[in-house]
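*Asks:* Sequence first, then the predicted structure:
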Amino acid sequence: MEEISTDILIIGSGLAGILSALEAERRGLQVHLVSKFAIGMGTNTSLSNGAFTAANSNLSKEDHLRETLQSGKGLNHLSAVQTLVEQGPGAIEKLIEHGVPIKELGMGYLVDRPEESSQIPGVLLMKTLRERLKQSSVKLLAGWIIFDLIVEEGEVRGAFGFFKDGQPFLIRSKAIILATGGGGGIYRRNDNQRSILGDGYTLALRAGLPLFDLEFVQFYPLVIGEPGLNTLMIYLPYPKEIGLFNEKGESLLEKLDIRENLNRAIVTKRDKLSLALYEAVQKEDVYCDLTKVPEEKWACYPLNLLKKSKFSFRERPFLISPAVHFFMGGVEINECGGTDLPGLYAAGETAWGVHGANRLGGNALTECAVFGKIAGQSASEYARRIDRRAFSPFSEPFKKRWEKKARAYMRRKKGVFDHPRDLFKELKDLAWKYGGPIREENPMREGLERLSHLEGRIERLYPDTVKDLFHKRELENMALLIKAILKGSLLRRESRGAFFRKDFQNQDDQNWLKNTCYHLEKGELEITHRPVS
């Protein structure tokens, strides 16, 4: 088994991970950045519209704080929000230093790109930062899959995983940063990258850390639903000629009483619109119509992005449906990006605290920029305090224990078992059906019963190839995360922010102004609640 040693290990290569790596490298530390896909390009950052909400000439820090807390409906971690607000403008300046083209716009900033370009702003952001990484000493390790964090004597000591050829490895690290993104890919309807399956959440849970507020999942209302097409969100801004209608040709904008500009409604009524469209698509097909948009507008972003598709968006309406967009829950961090496990830090969508019950638009990238920078700084300071004599290679008995564990992961048995592809589909369908925009007690209990059956089938899935090995771990992670979402949703008997219970439709501050805490005890998922401080 190969052993690698480093000062800082960063798991995840989106905006938060890359900024963490650059901050640690700038301090003269050895940094390894691990990603299970191509560096930067398999992340949700690369799919983003490039918007950052942060104080500027149009938005004061006081207003940013108030808007973020208002969106969070009382469940935000106040110190995390204050850190985001105070350090947001500085994080934008740091991005500009790294070469990212950014302009001030409205309540924040936007990645600046030529209007005629059909490149997604997030792709430009990632390409710029990836080039900056190539100029650094950061070791970029694409295709390395982390299975477990190594915890000894109450501290994180490294990580265990497999190369893409199936060979196991150990990484000895003084500090680790989790920046793996959220878990939107566990749902059948989502606008995330397919590989975003909650890896950071389950790594933290299995390492003994609690997670918070996983039941709070944000949905985006207008996502392409045409069979055979990628489930991409329809990017803002929308042309005024856009239409939404049902099979009968009735205007849903009129039925939903959206008299204002749809671009504004996405900001102010996003969740109500998602719920309304979700209810509508359960009964009939819902279409988006861009056929009345003038020809000259198709030359500009974001419509020119659709022009590249095999589907003729200009000539006929297309199916749409809400989809999972963002996870508000995650690993609790302090103002320094640290977790309760010494040596372990987290940043970006993996972390919890900023958003509460719902995320203010534009805060996702700002969170990545602020806490990615902070995590890199804090992990570096922690690593410098580690006694070099204490940071010795793993012992032979220790390595043998992990070699045995690696063989257990790869164990093979004869028999007829499920194909991972089928289990992926069933898990994603289950998550969408029972943990989607509208939740209710009896269906969720049914979902948990079906999930228990699927967990048994996953346990009996024995890897025949290296790809099967990785798929089984992803299926285990998905099942654990879906179980957490359904169990937490059952216990929260109210509706708040992006969370909606059909059987408890009102916000209940008297009984539910509290955060949900998820933790593993001897392999079993347990849930408690903590009053908001």
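*Replies:* That came through, no problem. Residues are numbered from 1 along each chain as shown.

*Asks:* alpha carbons only for contacts and neighbour counts from here, please
*Replies:* Will do.

*Asks:* which ones are touching the residue lying closest to M478 once chain neighbours are set aside?
*Replies:* Closest residue to M478 apart from its sequence neighbours, by C-alpha to C-alpha, 6 or more residues apart in numbering: I186 at 6.0 Å. Contacts for I186 were tallied using C-alpha atoms under 8 Å, 6 or more residues apart in numbering; they are I196, L197, G198, L427, K428, A431, M478, I482.

*Asks:* can you do 6 Å?
*Replies:* L197, K428, M478 (C-alpha atoms under 6 Å, 6 or more residues apart in numbering).

*Asks:* residue ranges with poor pLDDT in the stretch 301-450 of the chain?
*Replies:* Counting by pLDDT under 70, the stretch 301-450 of the chain contains low-confidence residues at 388-390, 412-417.

*Asks:* now the strands: where do they sit in it?
*Replies:* For the stretch 301-450 of the chain, strands defined by DSSP state E, counting those that start in this stretch occupy the ranges 318-327, 330-332, 344-346, 351-352.

*Asks:* what does the longest one contact?
*Replies:* Applying C-alpha under 6 Å, 6+ apart, the set of residues contacting strand 318-327 from outside is 182, 184, 189-191, 217-226, 274, 286-288.

*Asks:* Now intersect these with the helices, please.
*Replies:* Helix and strand membership here follows DSSP state H; of the contacts of strand 318-327, those in helices are S274.

*Asks:* Narrow the contacts of strand 318-327 to just the buried residues.
*Replies:* With neighbours counted by 16 or more other C-alpha atoms under 10 Å, the contacts of strand 318-327 contain buried members at 182, 184, 189-191, 217-225, 274, 286-288.

*Asks:* Doesn't G200 lie inside a strand?
*Replies:* No: in this structure, G200 is helix, not part of a strand, as judged by DSSP: H, G, I helix; E, B strand; the rest coil.

*Asks:* In terms of pLDDT, where does it sit?
*Replies:* Confidence at G200, expressed as pLDDT, is 98.

*Asks:* so who does it touch?
*Replies:* Under the criterion of C-alpha under 6 Å, 6+ apart, the contact partners of G200 comprise T180.

*Asks:* Which positions within the longest helix anywhere in the chain qualify as buried?
*Replies:* When every helix of the chain is counted residue by residue (DSSP H), the longest turns out to be helix 466-491. By 16+ other C-alpha under 10 Å, the buried positions in helix 466-491 come out as 468-475, 477-490.

*Asks:* Run the chain-centre distance for that helix.
*Replies:* For helix 466-491, the distance between its averaged C-alpha position and the chain's averaged C-alpha position is 15 Å (C-alpha atoms, centre = their mean, to the nearest Å).

*Asks:* What's the mean pLDDT across that helix?
*Replies:* Per-region confidence: helix 466-491 scores 96 on mean pLDDT.

*Asks:* continuing past it, what's the next helix or strand?
*Replies:* Later in the chain than helix 466-491, the nearest helix or strand by DSSP states H and E is helix 509-512.

*Asks:* Please name the strands paired to the helix or strand just after that following helix in the sheet, noting orientation.
*Replies:* Elements were assigned by DSSP H and E; along the chain past helix 509-512, the next helix or strand is strand 514-521. Partner strands and pairing direction for strand 514-521 (DSSP bridges) are strand 211-212 (antiparallel), strand 524-531 (antiparallel).

*Asks:* Give the rounded mean pLDDT of the last one.
*Replies:* Averaging pLDDT along strand 524-531 gives 97.

*Asks:* please begin residue numbering at 51 from this point
*Replies:* Okay, residue one is now 51; in that scheme the one you just asked about reads as strand 574-581.

*Asks:* List the buried residues for it?
*Replies:* Using 16+ other C-alpha under 10 Å, the residues of strand 574-581 that count as buried are I577, H579.

*Asks:* Next, the angle helix 516-541 makes with that strand.
*Replies:* Here strand 574-581 points in a direction 40 degrees away from that of helix 516-541 (axes from the mean of the first three to the mean of the last three C-alpha atoms, to 10 degrees).

*Asks:* Against D479, how distant is L369?
*Replies:* The spacing between L369 and D479, counted by C-alpha to C-alpha, to the nearest Å, is 19 Å.

*Asks:* I should have written K177 there, sorry.
*Replies:* 33 Å.

*Asks:* can you check R546 too?
*Replies:* Using C-alpha to C-alpha, R546 is found at 24 Å from D479.

*Asks:* which one of those two has more residues nearby?
*Replies:* Taking neighbours as other C-alpha atoms under 10 Å, R546 and D479 compare with R546 leading, 26 against 17.

*Asks:* who's in contact with the more buried one?
*Replies:* With contact set as C-alpha under 6 Å, 6+ apart, R546 has these partners: Q557.

*Asks:* That one bridge partners, please.
*Replies:* Here R546 shows beta-bridge partners F549, assigned using DSSP bridges.

*Asks:* Distance of it relative to N565?
*Replies:* As defined by C-alpha to C-alpha, R546 lies at a distance of 12 Å from N565.

*Asks:* what does the domain assignment say about the chain?
*Replies:* What automatic domain parsing lists as the domains of the chain is 52-266+376-435, 270-374, 459-555.

*Asks:* Tell me which of those domains is the most buried.
*Replies:* Mean neighbour counts were taken over those using mean count of other C-alpha atoms under 10 Å, and the top value, a mean of 22, falls to domain 52-266+376-435.

*Asks:* coming back round to it: ok, so of the contacts of I236, who is nearest I383?
*Replies:* Within the contacts of I236, proximity to I383 (C-alpha to C-alpha) peaks at L247, which comes in at 20.5 Å.

*Asks:* for that closest one, phi and psi?
*Replies:* Here the main-chain torsion angles of L247 (degrees, to the nearest 10) amount to phi -120, psi 20.

*Asks:* Okay, it and S96: tell me how far apart.
*Replies:* Here the distance between L247 and S96 works out to 16 Å (C-alpha to C-alpha).

*Asks:* What of G122?
*Replies:* Using C-alpha to C-alpha, one obtains 25 Å as the distance from G122 to S96.

*Asks:* contacting residues for the residue nearest the centre of the chain?
*Replies:* To find the centre residue of the chain, average its C-alpha atoms and take the closest one (C-alpha atoms, centre = their mean): that gives G232, at 2.0 Å. Residues near G232 by C-alpha under 6 Å, 6+ apart: G248, F377, E399, T400.

*Asks:* can you pull up the bridge partners for the second one?
*Replies:* When bridges are taken as DSSP bridges, the partners of F377 come out as V267.

*Asks:* And I226, how close does it get to S428?
*Replies:* Distance check for I226 against S428: by C-alpha to C-alpha, it reads 11 Å.

*Asks:* again, but for G149
*Replies:* Between G149 and S428 the distance is 23 Å, computed by C-alpha to C-alpha.

*Asks:* what pLDDT does A326 get?
*Replies:* Residue-level pLDDT assigned to A326 equals 91.

*Asks:* what kind of secondary structure is it in?
*Replies:* Each residue gets one of three states, and A326 gets helix by three-state DSSP.

*Asks:* which residues does the closest residue to T416 other than its chain neighbours form a beta bridge with?
*Replies:* Once flanking residues are discounted, T416 sits nearest to F102: 5.2 Å by C-alpha to C-alpha, 6+ apart. Beta-bridge pairing of F102, defined through DSSP bridges, involves Y159.

*Asks:* if I look at F102, how far off is E490?
*Replies:* Distance, F102 to E490, using C-alpha to C-alpha: 34 Å.

*Asks:* Equivalent analysis for G138, please.
*Replies:* From G138 to E490 the distance is 38 Å (C-alpha to C-alpha).

*Asks:* I am finished for the moment; much appreciated.
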